[in-house]
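1. Quick one, fold the following:
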Amino acid sequence: MATCLATGGTGATTVAATMIAAHLAKIAVFATGGIGGVHKGAETSFDISADLHELAQTPLTVVAAGAKAILDLPKTLEVLETLGIPVIAYGQNELPAFWSAKSDLMAPLRMDTPTDIARAHATRGLLGLPGGQLVVNPIPSADEIPAATLAPIIARAQEMATHYRITGKDVTPYLLHQIYEQTKGQSLAANIALVRNNARLAAAIALELHRLTD
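-> Predicted coordinates:
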């Protein structure tokens, strides 16, 4: 990010870079689609998103529909726990899985109101705790793609990525494009719906945080 600015370049921001920009702009809450995390096969590739480490050091509340479903969700949850990042499921006990409202993983924390989430954010600041918190907001049921439907599609896309030796930062866009093709665009429609849903929740949290800290 610093190199891009210094050289007058252009680029898109990941969740990690957006957190840095938001913090510099004194924005405390922002919404995204899904965070990055631990890729499948990371025990040999060490492909782990910088999003996780940024959450551990930058004091923002990030609202997402969970980690992207193409990732290793149990390992992602384990790294979040290791880094001391609160993971708060909104309105349910299970972790959402991006395009799917639920996974087979239980969330470490659950909160049911934007007020409680805003209070947790403010309390972290009062305690002097480093880092932020991750709010995982399930996609509306009318817009989701069931996990059972997605599982073989994701597996096929990952097999293709391995076959064509796609690695590093090229993996995620490749997998997302393959899933878009195989779901005939349904994954994109679900993505748009979950981003809008996350934006609504993030706005409600931001309003409550303003009331608490004004």
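2. From I20, how far off is L5?
-> L5 sits 11 Å away from I20 when distances are taken as Cβ to Cβ, to the nearest Å. For glycine as for every other residue, the C-beta is placed from the backbone atoms N, C-alpha and C.
3. Between these two, which is the more surrounded one?
-> I20 (17 against 9; other Cβ atoms under 10 Å).
4. so how far is F30 from that one?
-> Remark: distance between I20 and F30 (Cβ to Cβ) = 11 Å.
5. What is the neighbour count of A203?
-> Neighbours around A203, by other Cβ under 10 Å: 14.
6. Give me the residue at the spatial middle of the protein.
-> Centroid check for the chain by Cα atoms, centre = their mean gives I35 as the closest residue, at 2.3 Å.
7. What's opposite that residue in the beta bridge?
-> A67 (DSSP bridges).
8. Walking through this structure, point out its strands one by one.
-> 29-31, 61-64, 87-90, 109-111, 133-136 (DSSP state E).
9. Does the first one pack against any helices or strands, and if so which?
-> Right, the one you point to is strand 29-31. Here strand 29-31 touches helix 15-24, strand 61-64, helix 186-213, going by 3 or more Cβ pairs under 8 Å, 6 or more residues apart in numbering; DSSP states H and E.
10. Including distance to D143, could those go into a markdown table?
-> Formatted as a markdown table, the helices and strands packed on strand 29-31 follow (distance: least, Cβ to Cβ, whole Å):
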| stretch | distance to D143 |
| --- | --- |
| helix 15-24 | 21 |
| strand 61-64 | 15 |
| helix 186-213 | 4 |
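11. Perfect, that will be all.
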